[in-house]
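Engineer: For reference, the sequence and a predicted model appear below.
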Amino acid sequence: MNLAKKLAAVALLASSLILTGCGQAQIGSVDVDKIMTEAPRVKTLLTEAEGKIKEAQEKFQKDYEGKELSEEDSLKLQMDFQRKIEGINQGYASQIKSRMDVVINEVAQEKNIDVVLSNSKNDKTIFKGAIDITDDVIKKMQ
């Protein structure tokens, strides 16, 4: 995590402590990487995305295989195909993020947590003291 993100996280944490009274805030942490690999709903959406991409690749190959195209036309078709793949990826990434945000918020409310910070294995923000809600989020993402 870059310095700006860490400073923003600290500022958010500090402001939440001030607003809720010193020492009264509940801090939660969530490992987004673990959710991405273990949550059933995420796995389903990723499988769907892979299927759509494979389908688009097969259609592209079928439509243009063996056709004589100028270098310009070929480049244009490849760029169009790449945009289509990026659109599929962005659409599914947006669905996953939206669902994850909703579930994290639900779990935080259930556990009376005031602040939830991302705390992945490779990008530790909190080393001690936070309530890890990762497994609760995974369970709710069925």
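Structural biologist: Perfect, I can see it now.

Engineer: Spatially central residue for the chain, please.
Structural biologist: Lys97 (4.4 Å; CA atoms, centre = their mean).

Engineer: which element follows the host helix or strand of that one toward the C-terminus?
Structural biologist: When elements are defined using DSSP states H and E, Lys97 is found to belong to helix 71-110. Heading C-terminal from helix 71-110, the first helix or strand you meet, by DSSP H and E, is strand 115-118.

Engineer: Where does pLDDT dip in this structure?
Structural biologist: Applying pLDDT under 70 to the chain flags the ranges 1-23, 127.

Engineer: run the last query once more with 90
Structural biologist: By pLDDT under 90, the weakly predicted segments of the chain are 1-27, 59-78, 117-132, 134, 141-142.

Engineer: Need the outlier residue of the chain, farthest from its centre.
Structural biologist: Largest separation from the mean C-alpha position in the chain: Glu68, at 40.8 Å (CA atoms, centre = their mean).

Engineer: Quick check: that residue vs Asp80, distance?
Structural biologist: Computed with CB to CB, to the nearest Å, the distance linking Glu68 and Asp80 is 18 Å. (Glycine included, C-beta is placed from N, CA and C.)

Engineer: Next, find the distance separating the residue nearest to the centre of the chain from Met141.
Structural biologist: 12 Å.
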